[in-house]
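In: Generate coordinates for the sequence data below:
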Amino acid sequence: MQISIRTVISVVALIALAFAAIMQGGIAASIYVGVFCLVSTLTAISALIAVGRLRAMAIGCIVPIVIYLAAITSIGAYEFTSSATLPTSRISNRLFDSISRSIYTDMMTGSSRASPL
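Out: Take a look at the predicted model:
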């Protein structure tokens, strides 16, 4: 198996863009998370129905995702608070904080406003 310099540079650039999207938040982070979920779902489907090398590659991609989800599940719910211990949880918490925005509604007037950033 040969990996070209162009492939290595492309992978590093995509990873850098993913981290930039996570750190910046907003629509870029939402697109990144959506694409990751879509690709993970398609890979899981390929692991079930594909044959040969494609199936082996799909299983190789899904196994780390499943292991990470098992680690998150075994650690517990406090991993999704500001006192997270895993570095990936710290990044995902920052992503959530940058994407989510609270909207406050005045019950008397019905007017609403977004929370200040």
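In: Got the confidence number for the most centrally placed residue in the chain?
Out: Most central in the chain under CA atoms, centre = their mean is Val33, positioned 4.5 Å from the mean C-alpha point. Looking at Val33, its pLDDT is 77.
In: correct me, but it touches Ser98?
Out: No: using CB atoms under 8 Å, Val33 is not in contact with Ser98, being 11.2 Å away. (C-beta placed from N, C-alpha, C; glycine too.)
In: check which helix or strand covers the residue nearest to the centre of the chain.
Out: If you go by DSSP states H and E, Val33 is part of helix 26-49.
In: so the following helix or strand past that helix versus helix 26-49, what angle?
Out: Counting by DSSP H and E, the next helix or strand C-terminal to helix 26-49 is helix 52-75. Put simply, helix 52-75 runs at 120 degrees to helix 26-49, going by axes from the mean of the first three to the mean of the last three CA atoms, to 10 degrees.
In: Report the rounded mean pLDDT for the helix or strand following helix 52-75.
Out: Once helix 52-75 ends, the next helix or strand along the chain (criterion: DSSP H and E) is helix 87-99. Across helix 87-99, pLDDT averages out at 75.
In: so what does helix 87-99 touch, helix or strand wise?
Out: helix 5-24, helix 26-49 (3 or more CB pairs under 8 Å, 6 or more residues apart in numbering; DSSP states H and E).
In: buried ones in it?
Out: 89, 92-95, 98 (16 or more other CB atoms under 10 Å).
In: tell me the pLDDT at the residue in the chain sticking out farthest from the centre?
Out: With CA atoms, centre = their mean as the measure, the chain has its most outlying C-alpha, relative to the mean C-alpha position, at Met108: 38.8 Å. As predicted, Met108 sits at a pLDDT of 82.
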